[in-house]
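>>> Here you go, sequence then predicted model.
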Amino acid sequence: MALPRSVKEVQRLTGRMPALNRFLSRSAVRGLPFFRILKAPKDFQWTEKCQKAFVDLKAYLAELPALIAPEQGETLFLYLSACNEAVSMVLVWEDKGAQRPIYYVSRALQGPETRYTPAEKLVLALVHAARKLRPYFQTHSIVVLTDQLLRQILTKPETSLLREPVCPWLSRALCPMSNEAEYEALLTGLWIAHQMGIAAIKVWSDSQLVVHQVREEYEAKENVMKKYLVKVPRSQNKRADALSKLASSSFAHLSKEVLVEVVKQRGIDQVQVLAIDSPASWMTPLLNFLNSGVLLENKTEARRLQLKTAKYAYSGGTLYRRSYLSPWLKCVTPEESDYILREVHEGLYAAYVGSRVLAKKCLLLDYYWPTVFRDAAALVQKCRACQGIDLLGPFSRVPGRYEHLVVPIDYITKWIETEPLATISGKVVQNSSGRT
């Protein structure tokens, strides 16, 4: 690997490094000197730090560690480290007394993240590792090793100094009394198990009061606690019925894993639900057939419906359609599809794209309805901001940070106007179309 002598060669080097991230320990730290050069490409200077980083990188690449695949169900260890400008992680498996690397993960800190405390940086590293290494977290027990008290931060975020933007899922929207929190955790876990279709479940709890009250060995005296223990017939409330059967569960051991679920409302609070007549839509025949086997009277249409339902599935009160290259798509009603189209086209992150791109964006968001392309074309034709406007770029940046062009065209006179733009957000394009 030759020594870079220009900005283009440095770009080529930094472009190759992401392909080796899995094999490189602390890859973000190793690449920081090279990325600093790219921040000021006009003043190219190969410093001593760059030379040392390049030599160290070559030496490391010459002796790359051999990564292994762990056996199913084995316990893995995750090491976390943090410095001023990056966080690094390595997932290892202990085999015959020796720890062997499985996957290296590294991430450069951006903006305010560099001002986080060491504990906050490690929490950020743990979140990034959990997302990057999701398959390993789902199939193995992970032991996190670090020199910070992350257990206290994860289990009791309200007592730590962890700032909210680091990990929003750690903030608690509901902070009830400790006994209520124990019951809410129990109900939330049962609800998640019910949604997953679990028929039998064993529950562990570190609250002796909750355990004995569920077993009916203790009596609940407070009215709030009594609401959690109300027995309801199975036909009326499956969650309460599952709670009433917990007397046969074993609470002999305490689980060491903590799963975090944000609860915004108490499970015993009464919510007023108003019945709304749902008109028939394109999903009605499919739902009738999947739920009760009801077919249309016309034999040809009935046969066509049977063939069509092979692409659909009904689960949890929602209809889904099979997709070839993505997860199941959620089927929506015409009212919902109109809202989705407008939100994608004109919402907060709108870009006022063409009809085909708009329809494909809705599909990429895992929504489906049969007329998605036709509805998208109709919406774009009615959109005033989209009439006769084309966006070009990005081009090489010029003074003023301009790198895009908006080109409105008058349909009658074919007159063309152009205006440079720094960004192509929906608001900027609307303002530009008003000026031109």
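Structure received.
>>> Okay, now the unreliable bits of the stretch 51-200 of the chain?
By pLDDT under 70, the low-scoring segments of the stretch 51-200 of the chain are 151-179.
>>> got the buried residues for the biggest helix by length in the chain?
Identified as the longest helix of the chain according to DSSP state H is helix 178-195. Going by neighbour count (16 or more other CB atoms under 10 Å), the buried part of helix 178-195 is 179-187, 190. Where you see a C-beta, it was placed from the backbone N, CA and C, and this is true even at glycine.
>>> can you redo those as a markdown table with distance to Glu85?
As requested, the buried residues of helix 178-195 are arranged in a markdown table below (distance: CB to CB, whole Å):
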| residue | distance to Glu85 |
| --- | --- |
| Asn179 | 45 |
| Glu180 | 43 |
| Ala181 | 38 |
| Glu182 | 41 |
| Tyr183 | 44 |
| Glu184 | 40 |
| Ala185 | 38 |
| Leu186 | 43 |
| Leu187 | 43 |
| Leu190 | 44 |
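>>> packing partners for the helix or strand that contains Arg16?
Arg16 is part of helix 7-16, with elements assigned from DSSP states H and E. Here helix 7-16 touches helix 27-39, going by 3 or more CB pairs under 8 Å, 6 or more residues apart in numbering; DSSP states H and E.
>>> Just give me the residue right at the centre of this protein.
What sits nearest the mean C-alpha location of the chain, by CA atoms, centre = their mean, is Arg131, with 8.1 Å.
>>> now the strands for the chain?
Counting by DSSP state E, the chain has strands at residues 76-82, 86-95, 98-108, 142-145, 312-315, 318-321, 329-331, 367-368, 389-392, 404-408, 419-421.
>>> how does the protein divide into domains?
The chain breaks down into these domains under automatic domain parsing: 7-62, 76-166, 178-248, 284-331, 332-382, 388-436.
>>> what does stretch 291-306 contact?
In this structure, residues lying in contact with stretch 291-306 by CB atoms under 8 Å, 6 or more residues apart in numbering are 285-286, 288-289, 314.
>>> In PyMOL, select just the buried ones from these.
To isolate the buried members of the contacts of stretch 291-306 in PyMOL, using 16+ other CB under 10 Å:
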select buried, resi 285+286+289+314
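>>> now the contacts of stretch 291-306 as CSV including distance to Arg30?
Output for the contacts of stretch 291-306, formatted as CSV (distance: CB to CB, whole Å):
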residue, distance to Arg30
Pro285, 59
Leu286, 54
Asn288, 60
Phe289, 58
Tyr314, 51
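>>> Pull out the buried positions in stretch 101-114.
Buried-residue list, stretch 101-114, by 16+ other CB under 10 Å: 101-107, 109, 113.
>>> Could you do stretch 315-323 as well?
Buried residues in stretch 315-323, counted by 16+ other CB under 10 Å: 319-321.
>>> Hmm, Leu187 and Val203 touching each other?
No. Using CB atoms under 8 Å, Val203 makes no contact with Leu187, being 11.0 Å away.
>>> mind listing the helices for the stretch 301-436 of the chain?
For the stretch 301-436 of the chain, applying DSSP state H, counting those that start in this stretch gives helices covering 334-346, 355-364, 372-382, 426-435.
>>> need these in TSV with distance to Leu24 and mean neighbour count, can you?
Output for the helices of the stretch 301-436 of the chain, formatted as TSV (distance: least, CB to CB, whole Å; neighbours: other CB atoms under 10 Å):
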stretch	distance to Leu24	mean neighbour count
helix 334-346	38	17
helix 355-364	31	18
helix 372-382	42	16
helix 426-435	39	15
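>>> Do I have it right that Thr114 meets Asn84?
Yes. Thr114 is within contact range of Asn84, at 6.4 Å (criterion: CB under 8 Å).
>>> Tell me what Asp95 is bridged to.
Taking DSSP bridges as the rule, Asp95 bridges to Ala98.
>>> how many other residues sit next to it?
Neighbour count for Asp95, taken as other CB atoms under 10 Å: 12.
>>> what separates it from Ile102, distance-wise?
Applying CB to CB, to the nearest Å, the value for Asp95 to Ile102 is 11 Å.
>>> List the residues that are in contact with both of the two.
Joint contacts of Asp95 and Ile102 (CB under 8 Å, 6+ apart) are Ile68.
>>> quick revisit: which helices and strands sit right next to the longest helix of the chain?
Looks like helix 178-195 contacts helix 208-214, helix 223-228, helix 238-244 (3+ CB pairs under 8 Å, 6+ apart).
>>> Run the chain-centre distance for the first one.
Spelled out, that is helix 208-214. Its chain's average C-alpha position is 35 Å from that of helix 208-214, according to CA atoms, centre = their mean, to the nearest Å.
>>> ok, and for that helix, which residues are buried?
By neighbour count with 16+ other CB under 10 Å, helix 208-214 contains the buried residues 210-211, 213-214.
>>> Chain neighbours aside, what residue packs nearest to Thr146?
Leu80 (4.5 Å; CB to CB, 6 or more residues apart in numbering).
>>> Val224 now?
Excluding the flanking residues, the one nearest Val224 by CB to CB, 6+ apart is Glu180, at 6.6 Å.
>>> what sits against Ile37?
By CB under 8 Å, 6+ apart, Ile37 lies in contact with 7, 10, 44-46, 50.
>>> Repeat that for Thr423.
Neighbour list for Thr423: His404 [criterion: CB under 8 Å, 6+ apart].
>>> per-residue confidence for it?
Reported pLDDT at Thr423 in the predicted model: 83.
>>> measure it to Val87 for me?
Per CB to CB, Thr423 is found 29 Å from Val87.
>>> picking that back up, a markdown table for the buried residues of stretch 101-114, including distance to Ser141?
Shown next, in a markdown table, are these (distance: CB to CB, whole Å):
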| residue | distance to Ser141 |
| --- | --- |
| Pro101 | 18 |
| Ile102 | 14 |
| Tyr103 | 16 |
| Tyr104 | 20 |
| Val105 | 18 |
| Ser106 | 23 |
| Arg107 | 24 |
| Leu109 | 29 |
| Glu113 | 29 |
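>>> which of those residues lies closest to Ala359?
Arg107 (34.0 Å; CB to CB).
>>> who are the neighbours in contact with the closest one?
28, 86-88, 124-125, 128.
>>> likewise Ser396?
Residues in contact with Ser396, defined by CB under 8 Å, 6+ apart, are Glu403.
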